[in-house]
Structure formats: structure tokens, C-alpha cells
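Novice: with the input below, show me the fold.
(one chain, ligands or ions: 3)
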Amino acid sequence: MTATRILVLNSGSSSVKYQLLDMRDNARLAVGLVERIGEETSRLKHTPLTGGGAESRELNGPIADHEAALKAVAEELAKDGLGLDSPELAAVGHRVVHGGLTFTKPTVIDDTVLAEIERLVPVAPLHNPANITGIKVAQALRPDLPQVAVFDTAFHTTMPESAARYAIDVQTADEHRIRRYGFHGTSHAYVSRETAKLLGKAPEEVNVIVLHLGNGASASAVKAGACVDTSMGLTPLEGLVMGTRSGDLDPAVIFHLARVAQMSVDEIDTLLNKKSGMVGLCGDNDMREITRRMGEGDEQARLAFDIYIHRLKKYIGAYSAVLGRVDAVAFTAGVGENAAAVREAAVAGLEELGLAVDADLNAVRGDEPRLISPEYARVAVAVVPTDEELEIATQTYALVNS
Ligand SMILES: Nc1ncnc2c1ncn2[C@@H]1O[C@H](COP(=O)(O)OP(=O)(O)O)[C@@H](O)[C@H]1O
Ligand SMILES: CC(=O)OP(=O)(O)O
Ligand SMILES: [Mg+2]
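Specialist: Ligands and ions are numbered 1, 2, ... in the order given. You can find the predicted model right below:
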């Protein structure tokens, strides 16, 4: 029997998303999500997709950490005969958020690779530790199986130095590897390619601005298939306003909080990563709740929304300048794919840049890539659903078969 299945693990700071795929036809055999790891109200939702009906199973109750979460996932898969012991499994593909400058491609994980991912923990403290746990649990369950790391940073390694460097002392920057790495690269790569396809062009023929708006959010400028700029930096804190992260601010805010508000570095870190962004501005990080509150005339929610949109607009303008010629702007991830109000507001008033949204097209819901700009618009505006798991599986399968 040839092994054609790939298990993809996407371990986030408090969640694990996973998919089992058969790479002969990219079919999903099972998908699932563990949420609120470390809380009393953890939840595992597992959906086997083999044999017709997709009956989900839910486990509710405390799951202490990522190790417990991944073991529970392995048990659920085993119940459907899809366990890690299956001879049909070719590899496990892991989303690893920070690969520094070391990793520009998907990489088979050995002790040296794992040590390097570990060394990068200080620059991705919310993400890399969870990724490492995922790798170790999968290794323990199937020591013989190739484990492949697919890095969020990899797609951005083509950024020119002019975009990747901060304007700080070069020696200090080099000694501590301080530069802009960028994240969500698997999504930016996938979505920029899918956008080209939607336009009937090759990736090399188009310049695309990708807006990945999830809980974490980032923008990228993709020129002829290669990333030339992106909004996240040394860590996933820079750039757009996010669910719980501030994005861009004057770095002196940090000195001020330390000196005047007497906050510790760890307190400031928590403030900016977990208590800022939309949650800090209005108490909610879910765009559904924010737009609902706006509908009721809630001014705090409205202001938070306006701040979110203002930042987004600035990046669309900036990346139009960086690219010179823009063929498409693509909205993706939870907010980008679902929040029509965000898409409409982000593009409003940008006619001079060739951008416009057709209200009827924007209101259509669906899982397929689609255009939402009117025919006359110079730049295509599109909704292009991301699929990080499929992209990780594709890259993993290609590597183990090469
Ligand atoms: N129907 C919807 N309308 C508006 N926003 C939505 C909708 N569904 C999801 N979202 C937004 O998407 C976010 C999650 O996006 P996702 O890409 O899954 O994030 P992540 O991968 O970072 O966890 C939610 O926090 C919410 O703000
Ligand atoms: C890198 C990053 O911000 O990822 P996520 O959106 O999954 O938190
Ligand atoms: Mg995400």
C-alpha cells in the first residue's frame, strides 16, 4: 500500500486545528478543532468525513495543555480507523510560525531543526511553543513517520532588505537578528496564487495585495508571485489592528508605559498582544459581535471598527505605492471572507487607486473565490478563501515524495 495521507497540525496559542487529507485527490478525511486549551471550558470538535454523513463529535471539559489536546485528537482519529498508526499515513505536516531566516522552504524535522525552532521561541512566544509540542507528541506516537515543518515566515524571505530592515543600528540589529520576518506566509502564498487563477493569469503576471484578516491579521504586497512587503515584523505584533493585538504604534509608548505607568516588560507584552486591538478598544474581538453592536448604535464598537478600517486603508494605499501597479486586492481569513461591511469600508473612497466594490457582489456568500468589484474598476477586488491546511499538506506531500 502506498501512503498517500497527510495529517496537518496547526497549533495556535490556545487552539489546535487539524485535518487529515488524502493527497491523491486532496480529499479531506477528517477535520477538527480544539479550542480554549488550558481553560475549564475546552472543547474538541471532530468531524470524520469518510463514509457519507459528516457527524461531528464534541468533547467538552478541561483540556490542560497542547499535549493533552493532541493526544485527544489522536484518539478521536483512531475511533474512525484514521489513527496515527495507519500505514496509509505518509507524514505529518506542522504549521510552524517562526522560521527566522534559517528556513525558506518546508523542512523535514530532525533534532537540529527542532532545536532551531526552539531557539526562535522568544520572537514567537504565543506560537512556536505550541508548534513544538505538536511536533513532539506526533513524534512520540509515530517515531518512524516523517514530520515536516511548513513555516509562516518562508514566503516572506523574498522581501528586499529595504522592506525587511528596521532603521535601527545595523550592528545591534544583526547581532540580535532584529528584522521584519512576516507571518501567515502559507496563506499569503496560497491566496495570491488563487487570485491569479481567478483572473485567468499566471502568478508571475500579476501584482496582488493580500489582506489576511483573521484573529491575527496581516497584509502583504506580492509582486509577480514573490512577496515584496508585509505588515507583520519581528513578531506577529506589528501592522494591522487585530483581534487582541495593537499592531503598529509609536515604540515610545512602551517606554512611557514602563517609566510612567510603572509596568513591567511582561505586563506590556501581555497588554499589547492579548488586551489590545479590538478587544482593548471595545471589549469584543469577534467581528460578528462588533458589527451587531454597531447596528444597535453602540459608539464604542463603531470607533473600534473605524480604527480597524483606517489602518487597513493605510496599508492598501502603502502597498499600492510599493507595487506601482496593482492587479488585485484579495480579502481572506475569518473576517476577510465573511465580513462584507469590512470589505466595503476598507475600499470606500479609494476610487483614485482604481478600487471599488459592487454592493450586490459583496453581499454574496460562498466558499469559492469570487470577484466583488464592478466591471469598470481598474483593480480587481476579490474574496479568496484561504486554505492553510491544504497548502501545508501539499507542500509536505511534495517534500516526502521528492
Ligand atoms: N460570519 C462572520 N462575520 C464576521 N466575522 C467573522 C465571521 N466568522 C468569523 N469571523 C471573524 O473571523 C475571526 C476568526 O478568523 P480565523 O481566520 O479563523 O482566525 P484565526 O485562524 O486567527 O484563529 C473571528 O474572530 C471573527 O472576528
Ligand atoms: C502568526 C499569527 O498571527 O497567527 P494567528 O493568526 O494564527 O494567530
Ligand atoms: Mg489563522
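Novice: C227 touches A221, doesn't it?
Specialist: Yes - between C227 and A221 there is a contact under CB atoms under 8 Å: 7.2 Å. Every residue, glycine included, has its C-beta placed from N, CA and C.
Novice: higher neighbour count, those two?
Specialist: A count of neighbours by other CB atoms under 10 Å puts A221 above the other of C227 and A221, at 27 against 23.
Novice: look up phi and psi at that one.
Specialist: With angles defined as degrees, to the nearest 10, A221 sits at phi -110, psi 120.
Novice: got the confidence number for it?
Specialist: For A221, the pLDDT comes out at 98.
Novice: I37 and A74, how far apart?
Specialist: 15 Å (CB to CB, to the nearest Å).
Novice: quick one, phi psi at M294?
Specialist: Note on M294: backbone dihedrals following degrees, to the nearest 10 are phi -60, psi -40.
Novice: mind listing what it touches?
Specialist: Listed by CB atoms under 8 Å, 6 or more residues apart in numbering, the contact partners of M294 are 301-302, 305, 341.
Novice: and D327, by the same measure?
Specialist: D327 makes contacts with 199, 201, 206-208, 379-380, as judged by CB under 8 Å, 6+ apart.
Novice: which SS class is V148?
Specialist: Three-state assignment for V148 (DSSP: H, G, I helix; E, B strand; the rest coil): strand.
Novice: so which helix or strand takes in the nearest residue to it once chain neighbours are set aside?
Specialist: In space, and not counting its chain neighbours, V148 is closest to T396: 4.3 Å by CB to CB, 6 or more residues apart in numbering. In the assignment (DSSP states H and E), T396 maps to helix 388-400.
Novice: any idea how far that helix is from the chain center?
Specialist: Mean-position distance between helix 388-400 and its chain equals 16 Å (CA atoms, centre = their mean, to the nearest Å).
Novice: what is that helix packed up against?
Specialist: strand 5-11, strand 16-22, strand 89-96, strand 107-108, strand 147-151, helix 185-198 (3 or more CB pairs under 8 Å, 6 or more residues apart in numbering; DSSP states H and E).
Novice: let's have these in CSV, adding mean neighbour count and mean pLDDT.
Specialist: Compiled in CSV, these are given as follows (neighbours: other CB atoms under 10 Å; pLDDT from 0 to 100):
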stretch, mean neighbour count, mean pLDDT
strand 5-11, 26, 95
strand 16-22, 23, 95
strand 89-96, 26, 97
strand 107-108, 16, 97
strand 147-151, 27, 98
helix 185-198, 24, 98
